[in-house]
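Q: sequence plus predicted model, see below.
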Amino acid sequence: MDRTYTHIAFLVVPNATLLDITGPYEAFSLAAQCLQSHTGKPNTTYVLHTLSIDKNRIVRTSSGLCLQCESSIKSLDYQIDTLFIPGIPENMEDMVSPKILSWIKQQAVKVRRICSICTGAFILAEASILNNRRVVTHWKLCDKLAKDYPSLDVDRESIFVKDGHVYTSAGVSSGIDLALALIEEDYGRTLALEVARELVVYLKRPGNQAQFSVTLKHQDSDYKPIQDIKDWLPEHLKERITVEQLAEQALMSPRNFARVFAKETGITPAKYIEKLRLETACRFLTETQLTLETIADECGLITINNMRRLFLKYLKITPSDYRKCFRAQI
């Protein structure tokens, strides 16, 4: 029986973030096992490759652990289907040599897909592969990416972004989300779901889901009155919450409270509550059997229409479609 091989290659650059490589690698490895065992497609599979940039096949990653690559970029004897470029935690200006950038650029016009994980977007940008494309990287470095490469349309929220055959992803764990999305592209939701279950992760967070929760994103506040309000809010979302009410609890005037809250968190009280209600609704949709009406009420959104508008505003998906897509993995 003739087999069809899809070659997935990971460029292992010195000082790369280990999980940028091993996360998606493991997802594709499990997908290959599932394809061979019980998907009814024994004649098609993924073949995984790790490539060093020179003849030294042992590469030290940023954590200090070393990876022994299968081969180097100079000894390819197959057509790469999907090429992954990992990120490097520091010294991005000195990431890779012009020769390696040239090789990446050459591959970009040959491969079906080229993908970056986390700060790997800087490598693709330096190789001029991201010009005039919508892209994403780790949230801490989105502003730097936009400043260093003005032609890029930097998405500061999404977990991963597809623009043509170029895929960029956010923080390191998002490489797994991206890999699952690519597996679903290739072989459908059933296989991606099986791999997600083996990895004990969600089938996939939607690419346009925020990189991290509102409570994590705006947690850098040491001012106790504001922190107390943030701790109080999750348990009272069902109630009607006003700035005046919160200001009274914090023993401030409404105007001063709004100013201090925005200064401490980087977001207005109203916007913070709105996003907190959205995230709570997402959890209810994926983790419970509650009706949409009940969820809207529990989150303080009152009506389904209000909840629907909020989901379309931030996630570009309706609550019912969100549940349909993301509850199956539980």
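A: Happy to help now that I have it.
Q: and residue 50, what does it touch?
A: 9-10, 12, 21, 25, 67, 69-70 (C-beta atoms under 8 Å, 6 or more residues apart in numbering). All C-beta atoms are positioned from the backbone trio N, CA, C, and that covers glycine.
Q: next one: residue 172
A: So residue 172 contacts 17, 19-20, 23, 87, 117-118, 138 (C-beta under 8 Å, 6+ apart).
Q: most widely separated two among those?
A: 23 and 138 (14.1 Å; C-beta to C-beta).
Q: residue 161 bridge partners, please.
A: Under the criterion DSSP bridges, residue 161 forms beta bridges with residue 168.
Q: quick one: it and residue 152 touch, right?
A: No - using C-beta atoms under 8 Å, residue 161 is not in contact with residue 152, being 10.7 Å away.
Q: overlap in contacts, those two.
A: The contact sets of residue 161 and residue 152 overlap at 134-135 (C-beta under 8 Å, 6+ apart).
Q: what helix or strand is the closest residue to residue 24 other than its chain neighbours located in?
A: Take residue 24 and drop its neighbours on the chain: the residue closest to it by C-beta to C-beta, 6 or more residues apart in numbering is residue 179, 3.7 Å away. Taking DSSP states H and E as the definition, one finds residue 179 inside helix 174-187.
Q: how distant is the next helix or strand after that helix from the center of its chain?
A: Heading C-terminal from helix 174-187, the first helix or strand you meet, by DSSP H and E, is helix 189-199. Computed by C-alpha atoms, centre = their mean, to the nearest Å, the chain-centroid distance of helix 189-199 equals 17 Å.
Q: run the angle between helix 189-199 and helix 174-187 for me.
A: 150 degrees (axes from the mean of the first three to the mean of the last three C-alpha atoms, to 10 degrees).
Q: are any of the contacts of residue 50 buried, and if so which?
A: 9-10, 12, 21, 25, 67, 69 (16 or more other C-beta atoms under 10 Å).
Q: burial measure for residue 247, as a count.
A: 21 (other C-beta atoms under 10 Å).
Q: ok, back up a step: tell me the one among the buried ones among the contacts of residue 50 nearest to residue 247.
A: Nearest member of those to residue 247, counting by C-beta to C-beta, is residue 21, at 49.0 Å.
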